[in-house]
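1. Any chance you could fold what I've pasted below:
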Amino acid sequence: MNNYLDYFQIVGLVFFLVVFVGRTLYLRFGKNINPITLGVGKDGVKRVIELSFFVGLMAWIVEVLLTALRADFRLFPAPLDMQLIDTIPARLIGAALVVVSFIIFIWALVSFRDSWRVGIDKQTQGDLITTGIFALSRNPIFVFINVYFIGTFLINGTLIFLIFAVVVVIGLHYQILQEERFLAESYGMAYQDYCNRTARYWGWRRTSG
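-> Numbers count the residues shown, from 1 in each chain. The predicted structure follows:
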């Protein structure tokens, strides 16, 4: 079972990276849009926080690969490899969450069309998307990341992956608040109306504040 889940994690990462890089290259060279805007136009603490998301994601990807490949080397100190959960049901639930997260990811990219951005884009602002999966969630990409990280923790069950999941959930909530202020300024009443009828995450909170 563990070997299959190791392969599953590697295939999942490859799938994510191929889709992510593919969409980035399509927008950059096919539409002349730079979709990666983390840290752009920011300074001070905000810039550091946004860029740290990218660095943290790279570290998480490396850690997942090292764990799945059963490598002796780790990026983080040995105590962070402490096993917190080690049961087959937890691993299977984690794998199911990863699959669900990828469904959300693909659906979000399809709904986004050319408006997909990583970060706040003040230069080539896209349309306000309110259809498709965005009729169910104002932030489906962030939901995807949260569910993916939580699923990965349940598969591996170690302290370092729990820390990653907690930091991501908190960090992305901060990013959502920043983006909501930007979108409210950019789209005005249209965005406010959208917030009034659509959940921030997936139905358990229905206000924009």
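
2. residue ranges with poor pLDDT in this protein?
-> For the chain, the stretches flagged by pLDDT under 70 are 1-2, 37-46, 119-126, 203-209.

3. longest helix anywhere in it?
-> helix 159-187 (DSSP state H).

4. for it, packing partners?
-> helix 44-68, helix 140-156, helix 189-197 (3 or more Cβ pairs under 8 Å, 6 or more residues apart in numbering; DSSP states H and E). Where C-beta positions appear, they are placed from N, C-alpha and C, glycine not excepted.

5. now the ones you listed as JSON lines including distance to residue 118 and mean neighbour count?
-> Output for those, formatted as JSON lines (distance: least, Cβ to Cβ, whole Å; neighbours: other Cβ atoms under 10 Å):
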{"stretch": "helix 44-68", "distance to residue 118": "8", "mean neighbour count": "15"}
{"stretch": "helix 140-156", "distance to residue 118": "9", "mean neighbour count": "23"}
{"stretch": "helix 189-197", "distance to residue 118": "20", "mean neighbour count": "13"}
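
6. Of all the residues in the longest helix of the chain, which ones are buried?
-> 159-162, 164-165, 168, 171-172, 175-176, 179-180, 183, 187 (16 or more other Cβ atoms under 10 Å).

7. Could you single out the nearest of those residues to residue 82?
-> residue 159 (4.6 Å; Cβ to Cβ).

8. dump the residue contacts of the spatially most central residue of the chain.
-> Nearest to the geometric centre of the chain sits residue 145, at 2.7 Å (Cα atoms, centre = their mean). The contact partners of residue 145, by Cβ atoms under 8 Å, 6 or more residues apart in numbering, come to 101, 168, 172.

9. and it, how far is that from residue 82?
-> 24 Å (Cβ to Cβ, to the nearest Å).

10. next one: residue 63
-> Relative to residue 82, and taking Cβ to Cβ, residue 63 is found at 14 Å.

11. same deal with residue 9?
-> On the measure of Cβ to Cβ, residue 9 and residue 82 end up 19 Å apart.

12. More neighbours: which of those two?
-> residue 9 (22 against 11; other Cβ atoms under 10 Å).

13. In this structure the more buried one contacts residue 68, no?
-> Yes. Between residue 9 and residue 68 there is a contact at 4.4 Å, judged by Cβ atoms under 8 Å.

14. Distance from stretch 133-142 to the middle of the chain?
-> 12 Å (Cα atoms, centre = their mean, to the nearest Å).

15. could I get that stretch in CSV with only the CA atoms?
-> Listed next in CSV are the C-alpha coordinates belonging to stretch 133-142 (Å, rounded to 0.1, in the frame of the first residue of the first chain):
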residue,chain,number,x,y,z
ILE,A,133,-16.8,26.4,-10.2
PHE,A,134,-16.7,30.1,-9.2
ALA,A,135,-20.4,29.9,-8.7
LEU,A,136,-19.6,27.6,-5.8
SER,A,137,-16.4,29.2,-4.4
ARG,A,138,-14.7,32.6,-4.8
ASN,A,139,-11.3,31.0,-4.3
PRO,A,140,-11.3,27.5,-5.8
ILE,A,141,-7.5,27.5,-6.5
PHE,A,142,-6.9,28.2,-2.8
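
16. what's that stretch in contact with?
-> 104-105, 107-108, 111-112, 116, 143, 172, 175-176, 179, 194-195, 198-203.
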